[in-house]
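K.L.:
predicted structure and sequence below. I'll ask about it afterward.
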Amino acid sequence: MTLIEQLQQLHQVIAAEAEQITSADDAEAFRLRHLVKKGTIQACVEQMRSVAKEDKPVVGKLLNQVRDLAEQALERARDQFSRSASVEPLDVTLPGRGVSAGAIHPITQTVDRLVEIFTSMGFDVAEGPDVEDDAHNFEHLNFAPDHPARDMQDTFFVDVPGRDDVLLRTHTSSVQVRVMQNMKPPIRCIMPGRVYRNEAVSARSLAEFHQIEGLYIDRGVSMADLKGTIMAFARRFYDAHAEFRFRTSYFPFTEPSCEIDMSCFLCKGNGCRICKHSGWLEICGAGMVHPNVLRACGIDPDEYSGFAFGFGVERVVLMLTGIDDIRLLYENDVRVIGQFTP
């Protein structure tokens, strides 16, 4: 058999074997038979020495065709089986993956519940800007010009060319001022929102947090109305059988002022970690709106009176959940937030 006949026969064998490669092992066996130094193609190359000079162009062309056929077949096989190996088999009989439900942040849940209770008691919801001026944040609320809260150590001031009275509100009481300036009594509103104070971040305090405040202005409003409102709210929100105590306090914008404690709804007044073993929880600060505040907002204090109250939402969340580090509420850890699915 001449070399030309051998190459023609080898061409047919390689083409047939290429169709039968079904795995990476088959491809490797194909390579070892045909494309190594002791393979079939190299054996034909070594026989080129005995080919007549005039036949070498024809034999060389045929030899190249055989080698190209084998190399292309091997390349296709390797490409096919390398892709198959990198793709995990898909089991189409497996059940579909469920959609995980998101969770509403506990602060948002708490604000929503507070708003729901107060609106059911006849309060409207009022909002105001986070960036305020000194007049709405301090002056109209009866803060003295030298009050410590006006100091940069307690307040974030905003750099505005030509002004030195722009700041981030330190309480939502600034919304109370805007409400009294733009509405005529009777006024009954709550003011939820973010507030900002220049404080060190720790387990118990943040530089940015949430407050909700309330305001009621009308003829004949008394301390009894304030007590009844707070007690009715707390018995719906915390504990239907709670007891209360009112302690005298001081706020520039209310007179008289008080801080309100409620018997601990967790230990029923027996003492626990949340109430610091006192049996009482402080729930808010409150008082009768100072006549100077009413006057500064265009309301006659001889005709109208009112009360105001306020508390921090984060502190409420800590009491309700038992979380002992306020920073956990802002770290976006799904292991924490996911526990509060409504």
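P.N.:
Yep, that arrived.

K.L.:
just the strands in the stretch 201-342 of the chain please.
P.N.:
Remark: strands assigned in the stretch 201-342 of the chain by DSSP state E, counting those that start in this stretch are 208-218, 244-251, 254-263, 280-289, 305-312.

K.L.:
tell me what angle the third one forms with strand 305-312.
P.N.:
So the one you mean is strand 254-263. Between the axes of strand 254-263 and strand 305-312, defined by axes from the mean of the first three to the mean of the last three CA atoms, to 10 degrees, the angle is 50 degrees.

K.L.:
contacting residues for Thr69?
P.N.:
One thing to correct before we go on: residue 69 is Leu, not Thr. Contacts here follow CB atoms under 8 Å, 6 or more residues apart in numbering; on that basis Leu69 touches 11, 14-15, 18. Heads up, the C-betas are built off the backbone N, CA and C, glycines and all.

K.L.:
nope, Gly285 is what I was after
P.N.:
249, 251, 257-260, 309-311.

K.L.:
apply 10 Å and report the result again.
P.N.:
213, 247, 249-251, 254, 257-260, 308-312 (CB atoms under 10 Å, 6 or more residues apart in numbering).

K.L.:
what's opposite it in the beta bridge?
P.N.:
Beta-bridge partners recorded for Gly285 (DSSP bridges): Glu259, Gly310.

K.L.:
check the gap between it and Thr2 for me.
P.N.:
109 Å (CB to CB, to the nearest Å).

K.L.:
got it, and Arg188?
P.N.:
Arg188 is 111 Å from Thr2, by CB to CB.

K.L.:
who has more neighbours, those two?
P.N.:
Neighbour count, other CB atoms under 10 Å: between Arg188 and Thr2, Arg188 has more, with 20 against 11.

K.L.:
neighbours of Met262, how many?
P.N.:
24.

K.L.:
for Lys53, same thing?
P.N.:
For Lys53, using other CB under 10 Å, the count is 6.

K.L.:
quick check: it vs Thr254, distance?
P.N.:
Applying CB to CB to Lys53 and Thr254 gives a distance of 117 Å.

K.L.:
got it, and Val125?
P.N.:
Look at Val125 and Thr254: by CB to CB, they are 21 Å apart.

K.L.:
so for the two, which sits in the more crowded spot?
P.N.:
For Val125 versus Thr254, neighbours defined as other CB under 10 Å are more numerous around Thr254 (25 against 12).

K.L.:
what's the closest non-adjacent residue to the more buried one?
P.N.:
Counting by CB to CB, 6 or more residues apart in numbering, Thr254 lies nearest to Gly287, which is 2.7 Å off, once chain neighbours are set aside.

K.L.:
Glu259 and Gly214, how far apart?
P.N.:
Taking CB to CB, one finds Glu259 at 15 Å from Gly214.

K.L.:
my guess is Asp225 contacts Asp218, does it?
P.N.:
Yes: between Asp225 and Asp218 there is a contact at 8.8 Å, judged by CB atoms under 10 Å.

K.L.:
the two: who's more crowded?
P.N.:
Neighbour tally, Asp225 and Asp218, criterion other CB under 10 Å: the higher count belongs to Asp225, 16 against 13.

K.L.:
pLDDT score assigned to the residue lying closest to that one once chain neighbours are set aside?
P.N.:
Once flanking residues are discounted, Asp225 sits nearest to Phe307: 6.3 Å by CB to CB, 6+ apart. Predicted confidence (pLDDT) for Phe307: 97.

K.L.:
give me the neighbour count for Phe307.
P.N.:
Number of residues near Phe307 (other CB under 10 Å) recorded here: 23.

K.L.:
if I look at it, how far off is Gly285?
P.N.:
According to CB to CB, Phe307 and Gly285 sit 11 Å apart.

K.L.:
shared neighbours, the two?
P.N.:
When contacts are counted by CB under 10 Å, 6+ apart, Phe307 and Gly285 have 254, 258 as shared neighbours.

K.L.:
grab the longest helix from this structure for me.
P.N.:
Taking DSSP state H as the criterion, the chain has its longest helix at helix 56-86.

K.L.:
buried residues in the next helix-or-strand element following that one?
P.N.:
Using DSSP states H and E, the helix or strand that follows helix 56-86 in sequence is helix 106-120. Within helix 106-120, the residues that count as buried by 16 or more other CB atoms under 10 Å are 106-107, 109-111, 114, 117-118.

K.L.:
what's the helix or strand following helix 106-120 packed up against?
P.N.:
Next in sequence after helix 106-120, counting helices and strands by DSSP H and E, comes strand 124-125. Counting contacts by 3 or more CB pairs under 10 Å, 6 or more residues apart in numbering; DSSP states H and E, strand 124-125 packs against helix 106-120, strand 187-196.
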